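# Sequence first, then the predicted structure, then my questions.
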Amino acid sequence: MSEPAVSVVVCVYTEDRWEDILAAVASVRAQSRPALETLLVVDHNQALLERLTGAYKEIDEVRVLANAGPRGLSAGRNTGIAASQGEIIAFLDDDAAAEPDWLAYFVEGYADPRVMAVGGRTVPAWASGRRPVWFPEEFDWVVGCAYKGLPGGVAEVRNVLGGNASFRRTAFDAAGGFATGIGRDGDKRPLGCEETELCIRLSRARPDAVLLLDDRAVIHHRVPDARMRFAYFRTRTYAEGLSKALVARSVGAGKGLESERRYTTRVLPAGVARGLRDALLGRAGRTRVGLALIQISEPTRLGQNSDADICIKKKK
């Protein structure tokens, strides 16, 4: 039986990421398991649309199209889904580059017909070349990356993470597309969780569906200087709480926050304890985050402030 064809969707919105976009597309074109097509969906930016159209006009497997819906990431992804031709639809962030076997590992997961989605591991590419000394690994989700506490290997999860994920086309037939009222749109706050809400809807529509996390499917996500600052850390954790409130409103607080509650009782305490220890010892650069982790942990536990977009292994 032949392997399924894969379409890759990359949603883009600003010329400020021009070099990142070129690198993302180049990484898809260098895959050991070639994609059927790469779709660049431009979010209401005519100048960027024209520039990308010119850049890729001679490359048949790269298609550039405008977001056909309202401004925002969810509508852009839905535009890509509607225009794509593959049986599998993969999503890659516009500021990330995939390792050569990224798609091969995704496709491997779909050998099981029950599998409706496969996600991968996103590794931070710090602008400075190294992790900030104060930045705990448990909070790498703040910069859109895999974090300490995620299951290793190939594991069944509640939801995949949207910047490094793939779905069967039939998953969208069953559950619909990404909800445009959740996630990043014209709002300047770094909202998210649109893939969480979709995955919960998918599991409800298809109770037999299996969603996998394969940590061999690796992408490298650029983290600019601005996102390595404590001000962004604080803003992003708060915005995640707002996003989770929207998810809970859409699918119910039980499903919307169940994995987050496990995160805050099993994973976060270790980070808080380490931060407190470093604060008490007065270690340079970590006193502030030690105190911040203590401050953040309580509202996180209550699901009112900062919750990671968790994809903890599902309970059987």
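Great, that's in hand.
# Stretch 56-75: which residues count as buried?
Judged by neighbour count using 16 or more other CB atoms under 10 Å, the buried positions of stretch 56-75 are 56, 62-67, 69, 71-75. C-beta coordinates here come from the backbone N, C-alpha and C atoms, glycine included.
# In strands only, show me these.
Mapping the buried residues of stretch 56-75 onto strands (DSSP state E) picks out 62-66.
# Strands along the protein, start to end?
Along the chain, counting by DSSP E, strands occupy 6-12, 37-42, 62-66, 88-92, 96-98, 115-126, 154-156, 164-168, 210-223.
# Turn those into a markdown table, columns for mean pLDDT.
Listed next are the strands of the chain as a markdown table, based on pLDDT from 0 to 100:
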| stretch | mean pLDDT |
| --- | --- |
| strand 6-12 | 99 |
| strand 37-42 | 99 |
| strand 62-66 | 99 |
| strand 88-92 | 99 |
| strand 96-98 | 99 |
| strand 115-126 | 98 |
| strand 154-156 | 97 |
| strand 164-168 | 98 |
| strand 210-223 | 98 |
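# Of all these, which one comes closest to residue 52?
Residue 52 lies closest, by CB to CB, to one member of those: strand 62-66, at 4.6 Å.
# Check which helices and strands the closest one is in contact with.
Secondary-structure packing of strand 62-66 (3 or more CB pairs under 8 Å, 6 or more residues apart in numbering; DSSP states H and E): strand 37-42, helix 46-55, helix 73-83.
# other SSEs contacting the longest one?
Other elements packing on helix 73-83 under the criterion 3+ CB pairs under 8 Å, 6+ apart are strand 6-12, strand 37-42, strand 62-66, strand 88-92, helix 194-205.
# Any chance of JSON lines for these, columns distance to residue 154?
Shown next, in JSON lines, are the helices and strands packed on helix 73-83 (distance: least, CB to CB, whole Å):
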{"stretch": "strand 6-12", "distance to residue 154": "18"}
{"stretch": "strand 37-42", "distance to residue 154": "25"}
{"stretch": "strand 62-66", "distance to residue 154": "30"}
{"stretch": "strand 88-92", "distance to residue 154": "16"}
{"stretch": "helix 194-205", "distance to residue 154": "17"}
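# of all those, which lies closest to residue 27?
strand 88-92 (7.8 Å).
# outside of the closest one, which residues touch it?
4-11, 24, 27-28, 35, 77, 80-81, 98, 103, 106-107, 110, 162-169, 172, 219 (CB atoms under 8 Å, 6 or more residues apart in numbering).
# Low-confidence regions, the stretch 151-300 of the chain specifically.
Where the stretch 151-300 of the chain drops to pLDDT under 70, the residues are 182-193, 236-300.
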